[in-house]
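A.B. asks: kindly generate the corresponding structure for this input.
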Amino acid sequence: MKRNKQLFGLLKGNLRLVAFTIVLAVFHRFTYSYVPLFSQFLIEKLEIYTKGSISGNPTNLPGFIVNFVNRNTDIVNVVFSIGLALIVWQIIRYAALYIENRMRGVISQNVSKNIRMITYDHIQNLSYEYHNNVDSGDLIQRVTSDVDATTHFVTYSFLDVIGLFSSLIFGSYQMFHINKTIMLIILSLLPITMLVSLFFFKKIDRVYKNVEEKESALTVTIQENVSASRVVRAFGNESFEMDKLEVTNSNLKQADISAGKVIAAYWGTMDLVMMIQFVAVLLLGIYFTYQGSMSVSSVSGALMIAGMLIFPIRGLGRIISEYGKALVASDRLAEIMALESEYIVDGSLTPEIKGNIVFKNVSFKFNNDDKYLFRDVSFEIKAGETVAFIGKTGSGKSTLINILLKMYDYEGSILVDGFELREINKQYLRSMMGTVLQDPFLYNKTIFENIRIANSKVASNFVYNAANTAAIDQDIRMFKEGYETLVGEQGVTLSGGQKQRIAIARILVSSKAINIFDDALSALDNKTDLQIRNALKELNHKATNIIITHRMTTAKAANKIVVLSNGMVENIGTHDELVKKEGLYKTLWNIQGAIEEEFKNLVEEAN
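C.D. replies: Numbering: from 1, shown residues only. Next comes the predicted model:
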């Protein structure tokens with residue numbers, strides 16, 4: 001019941017349309033139950049014309065149709081009247097059926113759109129830690145094929161169930177007027193089909209769960225391969241990727257074959273039961289005709305009405321199969337929706353952000369790890385300062401930034417302009433910060449759109465000025481389409497340095513109070529690095545710049561350098577202060593700094 005409530009809860013907001021469509025579905029089956037009676041009535045009239053009378057009950061057509069036909073005495077006019085009445089009847093039926101299908105389509109699109117938007121919105125609000133550990137291919141499948149499976153059932157297959165039981169009710173009603181014994185015999189076989197369908201459902205539910213898991217694995221494999229196509233080619237790993245796809249593809253194939261075997265067994269069993277029912281109707285009709293209790297017209301009507309009782313039950317297998325798929329897909333969607341949004345625990349303050357940041361005895365460890373990444377980290381950043389963070393790989397530099405962005409919770413205290421970080425609204429805080437990553441993400445849009453994406457209303461001249469500050473303007477103008485050049489998926493047509501500079505330009509147009517560069521200058525040469533840093537000083541003298549870097553000359557130019565080592569702050573100071581102290585900074589400067597300084601001097605002399 002919980003799974004059904006979860007599944008049919010998707011119809012919320014469309015209940016009036018659903019109710020109207022159900023009425024049309026019932027009306028359609030009701031009017032269809034009379035269609036075979038037109039043929040029965042015609043044969044009945046021919047029997048009376050040739051024999052003078054009939055055996056058994058007369059045709060159960062509505063009285064106004066019978067009266068319309070009986071106004072004629074000539075057999076030709078009778079046949080014409082029956083044909084005309086059937087045409088009008090079918091026009092009314094098909095008009096109702098057209099409206100019903102239109103309504104189904106509207107409901108389907110409404111539900112599909114709502115589910116997709118709600119699911120997508122919820123996924124976007126899940127925690128940073130969750131997204132770091134989930135397969136994007138699996139999420140894509142949930143928002144696409146799982147949504148389609150649930151939508152199709154609640155808007156199409158569910159209404160088919162209504163139609164199925166309507167057909168049973170109205171078909172039984174019509175068969176009752178033809179011959180009660182035949183009706184009871186057909187209905188007596190229904191429990192058998194119901195039991196077979198119930199067994200099939202229990203089996204297919206497990207089978208389709210396995211199919212969904214295998215399909216998800218295949219989607220993940222394909223998504224990873226497409227996203228990393230350049231890496232695959234660079235390492236000549238095409239054969240390895242094909243072997244990996246072969247495994248996941250074969251697993252899905254076997255899962256689908258297993259599902260196909262169950263479905264084939266069901267359809268075979270159902271077809272056998274159907275044939276038994278049709279043969280039973282035919283033999284009983286012959287027997288009752290021989291006895292004189294049924295006419296030929298009644299037998300023909302019984303055979304056609306039998307289809308209303310037999311074929312819907314046969315279709316029950318298809319509906320149950322789709323029901324199984326929908327429940328599995330609905331469970332997968334519910335699994336996502338059950339995850340807590342990161343905004344459940346959030347601050348409410350929206351103070352003016354100037355860029356004063358104070359870390360007081362901050363400690364952090366990941367949820368799945370008992371070991372602290374760092375302990376009792378303390379430092380202060382004043383508004384307008386440029387502060388560089390230096391440390392070995394894995395020392396927690398990027399994690400500090402993610403904590404500042406409220407991606408992770410922490411122990412201790414962090415003050416931003418005097419307000420505790422936990423108390424500040426997450427979305428507001430992030431809107432006040434501009435972040436450039438080492439491998440920035442670019443959308444499959446033009447360069448101009450990518451730069452302006454953080455502030456879509458900014459004037460064009462600000463975009464050009466930001467690009468110039470980021471030392472990318474000349475590169476852009478060398479492209480044939482200039483700023484209208486499409487960068488391709490994830491900026492695939494650009495170099496690493498060009499992507500980083502476009503990302504830098506992107507945060508410049510948004511004029512953030514705090515700019516964060518997470519090893520974002522690593523792909524730039526020393527000259528470009530220096531040019532950008534000098535330009536940032538001139539343009540963003542009021543902004544706080546936080547730079548994570550492995551390049552010592554970049555750190556040297558900062559107002560303050562924070563050195564992280566072994567989970568703690570080893571030293572804080574300027575370049576001139578730190579090179580005089582024993583420690584990690586002095587060691588790194590002795591290795592790297594002299595070489596970079598020499599290279600920098602050579603470049604300056606050459607210019």
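
A.B. asks: just the C-alpha atoms of the helix or strand hosting residue 468, please, in PDB.
C.D. replies: Assigned by DSSP states H and E, residue 468 belongs to helix 460-469. The C-alpha coordinates for helix 460-469 follow below in PDB (Å, rounded to 0.1, in the frame of the first residue of the first chain):
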ATOM      1  CA  SER A 460      28.600  43.600 -22.800                       C
ATOM      2  CA  ASN A 461      31.500  46.000 -22.100                       C
ATOM      3  CA  PHE A 462      31.800  44.500 -18.600                       C
ATOM      4  CA  VAL A 463      32.300  41.100 -20.200                       C
ATOM      5  CA  TYR A 464      35.000  42.400 -22.500                       C
ATOM      6  CA  ASN A 465      36.700  44.200 -19.600                       C
ATOM      7  CA  ALA A 466      36.600  41.000 -17.500                       C
ATOM      8  CA  ALA A 467      38.100  39.000 -20.300                       C
ATOM      9  CA  ASN A 468      40.800  41.500 -20.800                       C
ATOM     10  CA  THR A 469      41.600  41.400 -17.000                       C
END
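
A.B. asks: quick one: buried residues of it?
C.D. replies: For helix 460-469, a neighbour-count test (16 or more other Cβ atoms under 10 Å) marks 462, 463, 464, 465, 466, 467, 469 as buried. Yep, even glycine has a C-beta here, placed from its N, CA and C like the rest.

A.B. asks: after it, next one along is what?
C.D. replies: helix 473-478.

A.B. asks: buried sites along that next one?
C.D. replies: 473, 475, 476.

A.B. asks: got a list of what residue 59 touches?
C.D. replies: 37, 40, 41, 44, 66, 297, 301 (Cβ atoms under 8 Å, 6 or more residues apart in numbering).

A.B. asks: ok, which stretches of the stretch 301-450 of the chain are strands?
C.D. replies: 357-364, 374-381, 386-391, 411-416, 419-420, 433-436 (DSSP state E, counting those that start in this stretch).

A.B. asks: could I get those strands as CSV with mean pLDDT, distance to residue 196 and mean neighbour count?
C.D. replies: Output for these, formatted as CSV (pLDDT from 0 to 100; distance: least, Cβ to Cβ, whole Å; neighbours: other Cβ atoms under 10 Å):
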stretch, mean pLDDT, distance to residue 196, mean neighbour count
strand 357-364, 92, 58, 18
strand 374-381, 89, 63, 18
strand 386-391, 88, 67, 24
strand 411-416, 92, 60, 17
strand 419-420, 93, 64, 15
strand 433-436, 84, 59, 23
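
A.B. asks: looking at those, spot the one closest to residue 569.
C.D. replies: Of all the strands of the stretch 301-450 of the chain, strand 374-381 sits nearest to residue 569, with 5.5 Å by Cβ to Cβ.

A.B. asks: what does the closest one rub up against?
C.D. replies: Against strand 374-381 from outside (Cβ under 8 Å, 6+ apart): 355-364, 387, 395-396, 399-400, 412, 544, 546, 560, 562, 564, 567-569, 572.

A.B. asks: how far away from the center of its chain is that strand?
C.D. replies: Distance, stretch centre to chain centre, for strand 374-381: 40 Å (Cα atoms, centre = their mean, to the nearest Å).

A.B. asks: ok, stretch 120-128 next?
C.D. replies: 11 Å.

A.B. asks: was I right to think residue 429 contacts residue 353?
C.D. replies: Yes. Here residue 429 reaches residue 353: they are 7.4 Å apart, a contact under Cβ atoms under 8 Å.

A.B. asks: which residues are in contact with both of those two?
C.D. replies: residue 416.

A.B. asks: sorry, back to before: if we compare the strands of the stretch 301-450 of the chain, which one ends up closest to residue 80?
C.D. replies: strand 433-436 (80.5 Å).

A.B. asks: and that closest one, what does it pack against?
C.D. replies: helix 496-508, strand 514-518 (3 or more Cβ pairs under 8 Å, 6 or more residues apart in numbering; DSSP states H and E).

A.B. asks: could you tell me the least trusted of the ones you listed?
C.D. replies: Of all the helices and strands packed on strand 433-436, helix 496-508 carries the lowest average pLDDT, namely a mean of 83.

A.B. asks: so for residue 418, what pLDDT did the model give?
C.D. replies: 90.

A.B. asks: what do you get for the one 3 residues further on?
C.D. replies: According to the predicted model, the pLDDT of residue 421 comes to 92.

A.B. asks: okay, the strands of the stretch 301-450 of the chain in JSON lines with distance to residue 207 next?
C.D. replies: Below are the strands of the stretch 301-450 of the chain laid out as JSON lines (distance: least, Cβ to Cβ, whole Å):
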{"stretch": "strand 357-364", "distance to residue 207": "45"}
{"stretch": "strand 374-381", "distance to residue 207": "49"}
{"stretch": "strand 386-391", "distance to residue 207": "52"}
{"stretch": "strand 411-416", "distance to residue 207": "48"}
{"stretch": "strand 419-420", "distance to residue 207": "53"}
{"stretch": "strand 433-436", "distance to residue 207": "46"}
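
A.B. asks: state the mean pLDDT of the helix or strand hosting residue 113.
C.D. replies: Element membership for residue 113, per DSSP H and E: helix 75-124. The pLDDT scores in helix 75-124 average 89.

A.B. asks: pull the distance from it to the chain's centre.
C.D. replies: 28 Å.

A.B. asks: now the stretch 151-300 of the chain, which segments are flagged as low pLDDT?
C.D. replies: 201-202, 205, 226-235 (pLDDT under 70).

A.B. asks: ranges for the helices of it?
C.D. replies: 158-178, 180-188, 190-227, 229-234, 238-291, 296-337 (DSSP state H, counting those that start in this stretch).

A.B. asks: can you tell which of the ones you listed is closest to residue 50?
C.D. replies: helix 296-337 (10.4 Å).

A.B. asks: can you redo the helices and strands packed on strand 433-436 as a markdown table with mean neighbour count?
C.D. replies: Converted to a markdown table, these look like this (neighbours: other Cβ atoms under 10 Å):
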| stretch | mean neighbour count |
| --- | --- |
| helix 496-508 | 25 |
| strand 514-518 | 24 |
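
A.B. asks: turn those into CSV, including distance to residue 480.
C.D. replies: Listed next are these as CSV, based on distance: least, Cβ to Cβ, whole Å:
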stretch, distance to residue 480
helix 496-508, 15
strand 514-518, 30
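
A.B. asks: per-domain residue ranges of the protein.
C.D. replies: 2-337, 380-405+419-606 (automatic domain parsing).

A.B. asks: got a markdown table for those, with distance to residue 371 too?
C.D. replies: Formatted as a markdown table, the domains of the chain follow (distance: least, Cβ to Cβ, whole Å):
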| stretch | distance to residue 371 |
| --- | --- |
| domain 2-337 | 16 |
| domain 380-405+419-606 | 9 |
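
A.B. asks: out of these, which comes closest to residue 372?
C.D. replies: Here domain 380-405+419-606 is closest among those (Cβ to Cβ), at 6.3 Å.
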